[in-house]
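Asks: Can you look at this prediction? I've put the sequence above it.
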2 protein chains.
Amino acid sequence: MKRETRGNPAPSTTALRDTARERILAAAFATLCEGGFAALSTREIAARAQMSKRELYAEFGNKQGIFAALVESRARRMREPLASASVENADAFAQTLFRAGLAFLTQLYDPAVVAVFRLAIAAATDSPEVPRTLEDRARAPNRDALRELMLQARNARLVSGEPAALTGRFLALLTGDIHIPLLLGVIEQPKQRELELCVREAVAAFLQLHAPTRRTTRRRRARRAA
Amino acid sequence: MKRETRGNPAPSTTALRDTARERILAAAFATLCEGGFAALSTREIAARAQMSKRELYAEFGNKQGIFAALVESRARRMREPLASASVENADAFAQTLFRAGLAFLTQLYDPAVVAVFRLAIAAATDSPEVPRTLEDRARAPNRDALRELMLQARNARLVSGEPAALTGRFLALLTGDIHIPLLLGVIEQPKQRELELCVREAVAAFLQLHAPTRRTTRRRRARRAA
DNA sequence: GAGATACGGTACCAATCGGTACCGCGCAAG
DNA sequence: CTTGCGCGGTACCGATTGGTACCGTATCTC
């Protein structure tokens, strides 16, 4: 196919190919966000990317490939939070929870991510590999990272309980009340202030439920982290 | 059109019409559950209902009408729980929460309801009235009923806080960790045992968070308003 | 400079979509 | 029994889909 011989400026073609991919995916994202699942046709994507369907199919094979690449590219971005987790003491842990929760919700409620979730849910019955990709490349890694954090926190005697259960509880408190309405489109995207409030309440509730003994004003600590 | 004069067996035609509607909706449900959103074509529905597209369009006007009727018919069934709510004491309230939560989750995780949610989410961008119907006819009434229960419980000094916030918290604890994976199709439908465990944990966490000064099983009769 | 080759734009394909016009069967009135 | 009419099955419509063949062009090799 595209075999680069010695002396050939291979990086150039690779870069070109990458920019082509990016342009296609950006066009697909824009289409998906504006027009939804029904508007996501190969013609529309090619037109927006100012490329031919030929190149599009040379790059992704078929429409499923575009779906997978779409989910994959956004999933990679969703995996970033929880980079620096601190469990030195209760305050640091609360602050870590707050930062991680805020980063998580900010990603999760981004319009492009909402559109990807809608796409994955719509494709669930026909093409299970699409939501499967979202699960394996985004949700599961995030959950694993959070569980690791919970494990560390338990070892530091900051929480008690199974890390997996703690993770599920924290995520439920974080997203339980907003994600579905957002996917349904019956509420608008939360503002930054509301997001912070939501995370603060979730952290406070989580610590109240699962922090071993502390009885102090944890809500104030969480607020200070804002 | 179909003008019944006096003496004409109008109920018969009405009943016939109703059974026609039911047959169409049942066929649409089956199609939606098995083949997903993409398979939900008017031809398929008509074929399954053993009727002609002509009758189908005479009954529902257009495809949006079928969507709306689908969501509406299922939403009506989702509104049933919380019929008998008791807030006499803490134990009765806990039991009421458990029963209501279990009924709610049983409905919410029913495969047909999951399929309807997928449909509504997939249609969110193109046809906002479909998720709007789901919100207004199913989610909001359920939420209102639960909020009313929370108000009664607060008047009885069984919980403290804003009824709306309490409702959101309870629903988050109930559904937060399962609903999305179920919509994505990455987990299978929970069994009855798991559902009961899930509700029990949610009720316990909710009461631990919001029941005032709950140390043991105290019987406190502070009923105020009906 | 000539020839070969590979890439990209376009026009096309079969299939399917929502929606509708046509037409023939069957029931009711006279 | 004839006649008229209304309802339902079917065939069809234009539009659009995912996917591909064709073919002009521009570049690279010798």
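Replies: Nice, I can see it.

Asks: Would the host helix or strand of residue A:68 count as contacting DNA strand D?
Replies: Using DSSP states H and E, residue A:68 falls within helix A:63-78. Yes - counting by C-beta under 7 Å from any atom of the strand, DNA strand D has neighbours in helix A:63-78: A:63, A:64. Where you see a C-beta, it was placed from the backbone N, CA and C, and this is true even at glycine.

Asks: Would you list the phi and psi of residue A:178?
Replies: Phi and psi for residue A:178, reported as degrees, to the nearest 10, are phi -120, psi -30.

Asks: Got the confidence number for residue A:12?
Replies: Among the per-residue scores, residue A:12 holds a pLDDT of 44.

Asks: and what of residue A:18?
Replies: pLDDT recorded at residue A:18 is 66.

Asks: what does residue A:64 give?
Replies: The model's pLDDT for residue A:64 equals 88.

Asks: and the nearest residue to it once chain neighbours are set aside, helix, strand or coil?
Replies: Residue nearest to residue A:64 in three dimensions, not counting chain neighbours: residue A:127, with 6.1 Å by C-beta to C-beta, 6 or more residues apart in numbering or on different chains. The assignment at residue A:127 comes out as coil when based on DSSP: H, G, I helix; E, B strand; the rest coil.

Asks: What is the neighbour count of residue A:34?
Replies: For residue A:34, the neighbour count with other C-beta atoms under 10 Å in any protein chain shown is 13.

Asks: still on that earlier bit, can you tell me how far the residue nearest to residue A:64 is from DNA strand C?
Replies: Residue A:127 sits 16 Å away from DNA strand C when distances are taken as C-beta to the nearest atom of the strand, to the nearest Å.

Asks: Isn't that residue up against residue A:66?
Replies: No - when contacts are counted by C-beta atoms under 8 Å, residue A:127 is not listed as touching residue A:66 (11.5 Å).

Asks: Show me where chain A dips below the pLDDT cut-off.
Replies: A:1-18, A:78-84, A:213-226 (pLDDT under 70).

Asks: ok so, going back, show me what counts as buried in the helix holding residue A:68.
Replies: For helix A:63-78, the neighbour count (16 or more other C-beta atoms under 10 Å in any protein chain shown) marks A:66, A:67, A:68, A:69, A:70, A:71, A:73, A:74, A:75, A:78 as buried.

Asks: ditto for stretch A:117-137
Replies: By neighbour count on 16+ other C-beta under 10 Å, the buried set for stretch A:117-137 is A:117-125, A:127-128, A:130-135, A:137.

Asks: measure it end to end?
Replies: End-to-end distance for stretch A:117-137: 13 Å, by C-alpha to C-alpha, to the nearest Å.

Asks: wait, does it make contact with DNA strand D?
Replies: No - contact of stretch A:117-137 with DNA strand D is not found when judged by C-beta under 7 Å from any atom of the strand; the minimum separation is 10.9 Å.

Asks: Throw the buried residues of helix A:63-78 into a markdown table and include distance to chain B, thanks.
Replies: As requested, these are exported to a markdown table (distance: C-beta to the nearest C-beta, whole Å):
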| residue | distance to chain B |
| --- | --- |
| A:66 | 16 |
| A:67 | 13 |
| A:68 | 14 |
| A:69 | 18 |
| A:70 | 15 |
| A:71 | 11 |
| A:73 | 18 |
| A:74 | 14 |
| A:75 | 13 |
| A:78 | 14 |
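
Asks: follow-up on the earlier one: the inter-axis angle of whatever helix or strand comes next after the helix holding residue A:68 versus helix A:63-78?
Replies: Next helix or strand after helix A:63-78 toward the C-terminus (DSSP H and E): helix A:90-108. With axes from the mean of the first three to the mean of the last three C-alpha atoms, to 10 degrees defining the directions, helix A:90-108 sits at 150 degrees from helix A:63-78.

Asks: Thank you, goodbye.
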